[in-house]
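Visitor: No sequence on hand, only this structure:
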């Protein structure tokens with residue numbers, strides 16, 4: 001017949017086994033959580049980089065369109081100035097010089 005001490009020792013050994021199994025399971029759970037977090041971070045990083053690339057492309061396209069439009073307007077205005085008669089240019093220069101001289 002087993003003694004009380006044998007029963008206590010047996011229960012302690014069983015408890016130690018349960019504790020070790022719980023610790024092993026918690027380590028496994030922590031490892032899977034770390035893997036899941038790593039995967040989630042990588043997914044978020046990839047999404048963010050894709051959105052940034054899309055934003056950059058859109059911004060560059062809008063900039064290039066605006067630059068082309070402004071350059072065309074600039075060229076039109078330069079051409080309009082070149083087409084002005086020489087007398088008009090001379091008159092405007094004389095007006096500017098007159099204004100400076102009368103300060």
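Guide: Looks like it came in fine. Computed from a predicted structure; not experimentally measured.
Visitor: For the longest helix along the chain, give the mean pLDDT please.
Guide: Taking DSSP state H as the criterion, the chain has its longest helix at helix 4-82. Averaging pLDDT along helix 4-82 gives 94.
Visitor: Next secondary structure after it?
Guide: The C-terminal neighbour of helix 4-82 among helices and strands, as given by DSSP states H and E, is helix 86-101.
Visitor: quick one on the thing from earlier: relative to helix 86-101, how tilted is the longest helix of the chain?
Guide: Orientation check (axes from the mean of the first three to the mean of the last three Cα atoms, to 10 degrees): helix 4-82 against helix 86-101 gives 110 degrees.
Visitor: What is helix 4-82 packed up against?
Guide: Under the contact criterion of 3 or more Cβ pairs under 8 Å, 6 or more residues apart in numbering; DSSP states H and E, helix 4-82 touches no helix or strand at all. Just so you know, the C-beta spots here come from the backbone N, C-alpha and C atoms, and that holds for glycine as well.
Visitor: And that helix, how far out from the chain middle?
Guide: Relative to the chain's own centre, helix 4-82 is displaced by 11 Å; criterion: Cα atoms, centre = their mean, to the nearest Å.
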